[in-house]
Every structure is written in structure tokens, then in C-alpha cells.
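A.B. asks: coords please:
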Amino acid sequence: MNLLSKFLNRIFYKSKGSTLIELALYIALVVIVCITVVTALGGKLQSVFQSIVDKL
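C.D. replies: From the prediction side, this is the model:
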């Protein structure tokens, strides 16, 4: 979590030349990566949660 806070601090507070478009592109990239990871692991996560529910 410390790495994430350092990254966000660097983007939002220390980069004086960055524009709103650059920040939007950073955020869009993070969102795309998150969606890709969740999509790739979605089936596996569902099977793991289903096996937990079945054991309960």
C-alpha cells in the first residue's frame, strides 16, 4: 500500500507540468489493467469461492 501511496503522491502533487489529460490516461491505464486481471482470473476466482461455499 505504501508503494501505491508514493505513486499517487508523485503523480498528483509533485508533477507540476502534468495536465488533466495525462492524469486521465494514467487512470485509464490502471483501470484497463484491473479489468484485464479480473477478467483473466474471474473463472478461477469463481471456482475457488464456489468450493468454499460447498465446504460450508
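
A.B. asks: longest single helix anywhere in this protein?
C.D. replies: Among the elements of the chain assigned as helix by DSSP state H, the one spanning the most residues is helix 20-55.

A.B. asks: Go through that helix and flag the buried ones.
C.D. replies: Applying a neighbour-count criterion of 16 or more other C-beta atoms under 10 Å, helix 20-55 contains no buried positions. In this view, the C-beta of every residue, glycine as well, is placed from N, C-alpha and C.

A.B. asks: For the residue nearest the centre of the chain, give its distance to Asp54.
C.D. replies: Note on the chain: the residue nearest the mean C-alpha position is Cys34, at 4.2 Å, using C-alpha atoms, centre = their mean. Separation of Cys34 from Asp54 (C-beta to C-beta, to the nearest Å) stands at 28 Å.

A.B. asks: Okay, now the unreliable bits of this structure?
C.D. replies: Across the chain, the ranges flagged by pLDDT under 70 are 1, 11-18.

A.B. asks: repeat that with 50
C.D. replies: By pLDDT under 50, the chain has no low-scoring segment.

A.B. asks: quick one: contacts for the residue nearest to the centre of the chain?
C.D. replies: Contacts here follow C-beta atoms under 8 Å, 6 or more residues apart in numbering; on that basis Cys34 touches nothing.

A.B. asks: How much space separates it from Ser51?
C.D. replies: Here the criterion is C-beta to C-beta. By it, Cys34 lies 24 Å from Ser51.

A.B. asks: do Gly42 as well
C.D. replies: Taking C-beta to C-beta as the measure, Gly42 and Ser51 are separated by 15 Å.

A.B. asks: ditto for Ile32
C.D. replies: Remark: distance between Ile32 and Ser51 (C-beta to C-beta) = 30 Å.

A.B. asks: just Asn2 next, same as before
C.D. replies: If you measure Asn2 against Ser51 using C-beta to C-beta, the figure is 33 Å.

A.B. asks: again, but for Leu8
C.D. replies: Applying C-beta to C-beta, the value for Leu8 to Ser51 is 36 Å.

A.B. asks: Could you do Val31 as well?
C.D. replies: Taking C-beta to C-beta as the criterion, Val31 is separated from Ser51 by 29 Å.
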